[in-house]
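[1] Okay, structure incoming, though there's no sequence with it:
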C-alpha cells in the first residue's frame, strides 16, 4: 500500500490505527494484558518507523457481552485508559458499551457505522493537531455515604438514559466489595461532577466503585430481551453531532467504563476544597 501510494504521487506519511479487541483476553489481569498489548504496539511502531511512517493508535474499549453471557467486568477493558494516559501516540477514542450487538458480543452493522464515523472525527481532530482526550474520571472524594466523582472533561458530561434499555445497575454505576451497600440516588452536581448517594457509609479494603462494568450473575441459558451489552452506562459527553451516513442518527461520545478501589485514606478538607 505504501509503495502504491508513493507511485501514485500521494505518499503515506502517517498511520492511524483503530484498535478493537473483544472477549479473547477477558480473563487476563490488567498488568498482564497491558504488558502484552504495549509489546505488540512497540513492535508495530518500530516496524512502521523503519518505513518512515508515524503512528497514532485509537483504542476502542470493548462493549462486553449481551445478557446470557459473562458481562463486561474485564480488566482488559479498563487497562486501555492507562495506556492512553502514558503513551503519547495512544488515545482512548471510544467506549462501545452503548451500541447494539448483532449477537452475544459483536456490534451490528449500524453500530459499526456509527463507531467508525466517530473514530473518523477523532482522526480529523488529531490530524489537525487537536488532541482532546476522551472524558475520564480524574478524582474521587468520599464523605460518609456519599461519593463525589470528578471528571476531566473538555465538553462536560450529561446523564442520558434514553438511548437504550435502562441498565440493571443504577444508571450504570455499582458498588462492590461491601456487604449490604447499594446506591440509592445519583445527582449531577456540576458540569463534570457526579454524586453517588449510598445506603451505608463507604469503607472497606475491597470496596470498588464501578461504572459500565458488570459481571453477569444470572442464568447462562437466560433468553436476552435485547441485544445490548449487559454492562451499560448512562453517562456521556455533553456533545453530539448528526451522522453524515445514517439519516436521523446522532453521534454520541460515552464516558469510558472504570472500576476503581475507594480511597483508604480520606483527603483533608483543604484537598477536598481544591479538588472541587
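    Received it, and whenever you're ready, just let me know what you need. Nothing here was measured: the structure is a model prediction, and the numbers come from that model. Residues are numbered from 1 along each chain as shown.
[2] which residues of the chain fall in helices?
    Ranges of helices in the chain, per DSSP state H, are 2-7, 30-50, 75-86, 109-127, 269-275.
[3] Can you lay out those as a markdown table showing mean pLDDT, mean neighbour count and distance to residue 225?
    C-beta here means a position set from N, CA and C on the backbone, and glycine is covered the same way. Shown next, in a markdown table, are those (pLDDT from 0 to 100; neighbours: other C-beta atoms under 10 Å; distance: least, C-beta to C-beta, whole Å):
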| stretch | mean pLDDT | mean neighbour count | distance to residue 225 |
| --- | --- | --- | --- |
| helix 2-7 | 94 | 11 | 48 |
| helix 30-50 | 95 | 14 | 31 |
| helix 75-86 | 93 | 20 | 23 |
| helix 109-127 | 96 | 16 | 18 |
| helix 269-275 | 45 | 11 | 40 |
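[4] got CSV for the ones you listed, with distance to residue 64 too?
    Conversion of those to CSV gives the following (distance: least, C-beta to C-beta, whole Å):
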stretch, distance to residue 64
helix 2-7, 36
helix 30-50, 15
helix 75-86, 7
helix 109-127, 13
helix 269-275, 30
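[5] And those helices: which comes nearest residue 175?
    Across those, residue 175 has its closest neighbour in helix 75-86 (16.2 Å, C-beta to C-beta).
[6] Looks like residue 71 contacts residue 232 (just checking).
    No - using C-beta atoms under 8 Å, residue 71 makes no contact with residue 232, being 10.6 Å away.
[7] The two - which one has more neighbours?
    Neighbours were counted for residue 71 and for residue 232 using other C-beta atoms under 10 Å; residue 232 has more, 26 against 20.
[8] Give me the neighbour count for the residue nearest to the more buried one when sequence neighbours are not counted.
    Distances taken as C-beta to C-beta, 6 or more residues apart in numbering place residue 167 nearest to residue 232, at 4.4 Å, with adjacent residues excluded. Neighbours of residue 167 under the rule other C-beta under 10 Å: 21.
[9] Report the contact partners of residue 167.
    Contact analysis of residue 167 by C-beta atoms under 8 Å, 6 or more residues apart in numbering lists 214, 231-234.
[10] Also residue 157?
    Here residue 157 is in contact with 135, 151, 188, 191-192, 194, 235-238, 255 (C-beta under 8 Å, 6+ apart).
[11] Likewise for residue 165?
    225-226, 228, 232.
[12] residue boundaries of the strands in this protein?
    Applying DSSP state E to the chain gives strands spanning 14-20, 54-61, 90-95, 136-143, 146-152, 157-159, 173-176, 183-190, 193-198, 208-211, 235-242, 250-254, 258-261.
[13] Dump those strands to JSON lines, plus mean pLDDT and distance to residue 125.
    JSON lines is the format used below for those (pLDDT from 0 to 100; distance: least, C-beta to C-beta, whole Å):
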{"stretch": "strand 14-20", "mean pLDDT": "95", "distance to residue 125": "11"}
{"stretch": "strand 54-61", "mean pLDDT": "97", "distance to residue 125": "11"}
{"stretch": "strand 90-95", "mean pLDDT": "96", "distance to residue 125": "9"}
{"stretch": "strand 136-143", "mean pLDDT": "94", "distance to residue 125": "16"}
{"stretch": "strand 146-152", "mean pLDDT": "97", "distance to residue 125": "17"}
{"stretch": "strand 157-159", "mean pLDDT": "98", "distance to residue 125": "19"}
{"stretch": "strand 173-176", "mean pLDDT": "97", "distance to residue 125": "29"}
{"stretch": "strand 183-190", "mean pLDDT": "98", "distance to residue 125": "25"}
{"stretch": "strand 193-198", "mean pLDDT": "98", "distance to residue 125": "25"}
{"stretch": "strand 208-211", "mean pLDDT": "97", "distance to residue 125": "25"}
{"stretch": "strand 235-242", "mean pLDDT": "97", "distance to residue 125": "12"}
{"stretch": "strand 250-254", "mean pLDDT": "97", "distance to residue 125": "12"}
{"stretch": "strand 258-261", "mean pLDDT": "96", "distance to residue 125": "23"}
